[in-house]
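Trainee: Following is a predicted model, sequence given first.
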Amino acid sequence: MKIYLDLLPEQRKQELKRKKIYRKILHEEILFSLPVIVFVIILANVYYVLAIQRNMHATAYLTEQAQDKYKQLEEYETKFKEINTVSRALVNIQSGHLYWTNLLNELSAITPDGVYIIDLSTKNYSVFLMGKAKTRDILIDFKNQLEKSECFEKVDVPLSNLVVKENVDFQIDLTLKDDCLKSKKQ
């Protein structure tokens, strides 16, 4: 059997009792705080992982948007190339375009009264005129006007057209100058 002697003063006993209670409370607080601290650490890790994923998704989204813009730019570039090829083709067509209205305007300005052009045919830069003139002098005047014109060269009127004096049926072969057909005159 053991005998306990209580030699401590009352004040000291209470102080020891308080220390014991204080340690018990501290121990329980630590046991209570430990799961809270672990939970906070877990939440911080989850937040960190979610932030990383959010940044990855944002980067992926921006990359996808940039790719869409690049695709759109490529579409624009292909459309511009198509339009440029079409416009080059139009320029080539226009550069090779012959303005036959220049010929018709020149003929209408030169043709004197009494000359009627019945048929006009062309092949390349050669023009064949067929018509009627009231007199041979009017036909000769028409031939001279054609020779003086800046649009025509090599005016050929067969002598058989000049045999008849009145109501002359004629045929004139002439060659057009390139400048007359290729430049647009107002």
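Mentor: Received it, and whenever you're ready, just let me know what you need.

Trainee: make it CA atoms for all contacts and neighbour counts henceforth
Mentor: Noted.

Trainee: Now T111: closest residue in space, sequence neighbours ignored.
Mentor: F142 (6.2 Å; C-alpha to C-alpha, 6 or more residues apart in numbering).

Trainee: which residues touch the one you found?
Mentor: Taking C-alpha atoms under 8 Å, 6 or more residues apart in numbering as the criterion, F142 is in contact with I110, T111, P112, V115.

Trainee: The residues you listed into a markdown table, with extra columns for neighbour count, pLDDT and secondary structure?
Mentor: Formatted as a markdown table, the contacts of F142 follow (neighbours: other C-alpha atoms under 10 Å; pLDDT from 0 to 100; DSSP: H, G, I helix; E, B strand; the rest coil):
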| residue | neighbour count | pLDDT | secondary structure |
| --- | --- | --- | --- |
| I110 | 17 | 83 | helix |
| T111 | 18 | 82 | coil |
| P112 | 15 | 84 | coil |
| V115 | 19 | 86 | strand |
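
Trainee: how close does N124 get to C180?
Mentor: Here N124 is placed at a distance of 13 Å from C180 (C-alpha to C-alpha, to the nearest Å).

Trainee: which one of the two has more residues nearby?
Mentor: Set side by side, N124 and C180 show more neighbours around C180, with 19 against 7, by other C-alpha atoms under 10 Å.

Trainee: Please determine how far the nearest residue to the more buried one once chain neighbours are set aside is located from L129.
Mentor: Among residues not flanking C180 along the chain, C151 sits closest, at 5.2 Å (C-alpha to C-alpha, 6+ apart). The gap separating C151 from L129 is 15 Å, by C-alpha to C-alpha.

Trainee: repeat for F80
Mentor: 47 Å.

Trainee: quick one, which of those two is more surrounded?
Mentor: L129 (16 against 12).

Trainee: quick one: that one from K148, how far?
Mentor: Counting by C-alpha to C-alpha, the gap from L129 to K148 is 17 Å.
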